[in-house]
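Visitor: sequence and predicted structure are below.
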Amino acid sequence: MSLNDQIKMLDQGIAGVRKIIPDMPADAGLCRVLLLISETMQSEFEHKLRPHKLNDSEFRTLITLFSRPDGTSTPGELCVFTSLGVTNMTRIADALVKRGLITRGASAEDRRRVVMQITSAGRRFVQKMLPTMFPRLKIIFDGFTDADRRNLNRLLRKLANNLSQLEHEAGDPP
């Protein structure tokens, strides 16, 4: 089923619920649309990674290390940067080490601290892989003007700020 069909079904479902619970905010549908779009975008990127036997979490971790000036980070920092849990990070690190894309070892400054570092093979992989994702990215935002992009970016950051406020009030992430 296409994303547009899913959204049409969602709209019908929201309309049906609003008949029963008229106070339901329209934003409930908007939240679900955002989730559907997010899931579909993730699926699009994983489609490109699948032939390389990588998933989104592994690639996010690799990209994060690639983006660091020295190519290193601790597992805890990577969990924060990638929004992944500690257990997932251990599994991801194991998979990336096994493929030779990163190394994992004790810090030179503090042997108790674990440091992960992208390898030259990992750098080459990212430099080769990332550009292959650009055409799909262009299609995703086809028809968006620069003003549309800026506005979407501003609105999504505003939404992120509101979610951060909820996390702050609750004392921890939802």
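Guide: Sure thing, it's come through.

Visitor: now do residue 170 against residue 23, distance only.
Guide: Going from residue 170 to residue 23 by Cβ to Cβ, to the nearest Å gives 23 Å. For glycine as for every other residue, the C-beta is placed from the backbone atoms N, C-alpha and C.

Visitor: who has more neighbours, those two?
Guide: residue 170 (9 against 5; other Cβ atoms under 10 Å).

Visitor: doesn't residue 134 make contact with residue 48?
Guide: No - if you go by Cβ atoms under 8 Å, residue 48 and residue 134 don't touch, sitting 10.2 Å apart.

Visitor: show me which of these two is the more surrounded one.
Guide: residue 48 (16 against 9).

Visitor: what's downstream of the strand or helix carrying that one, the next helix or strand?
Guide: Element membership for residue 48 (DSSP states H and E) is helix 27-49. Going down the chain from helix 27-49, the next helix or strand is helix 56-67, by DSSP H and E.

Visitor: show residues contacting that following helix.
Guide: Under the contact criterion Cβ atoms under 8 Å, 6 or more residues apart in numbering, helix 56-67 has outside partners 42, 45-46, 49, 54, 71-73, 78, 81-82, 84, 88-89, 92-93, 95-96, 101-102, 116-118, 122-123, 125-126, 129-130.

Visitor: out of those residues, list just those in helices.
Guide: Using DSSP state H, the subset of the contacts of helix 56-67 located in helices is 42, 45-46, 49, 78, 81-82, 88-89, 92-93, 95-96, 122-123, 125-126, 129-130.

Visitor: buried ones among the residues you listed?
Guide: Using 16 or more other Cβ atoms under 10 Å as the burial test, these include 45, 49, 78, 81-82, 89, 92-93, 95-96, 122, 125-126, 129 as buried.

Visitor: list just the nearest of those residues to residue 35.
Guide: Of all these, residue 45 has the smallest distance to residue 35: 16.1 Å, by Cβ to Cβ.

Visitor: mean confidence score for the longest helix seen in the chain?
Guide: Counting by DSSP H, the longest helix found in the chain is helix 146-170. Here helix 146-170 scores 91 as its mean pLDDT.

Visitor: so where's the chain uncertain?
Guide: Residues of the chain meeting the criterion pLDDT under 70: 171-174.

Visitor: and residue 148, how far is that from residue 155?
Guide: Residue 148 is 10 Å from residue 155, by Cβ to Cβ.

Visitor: swap in residue 64?
Guide: 25 Å.
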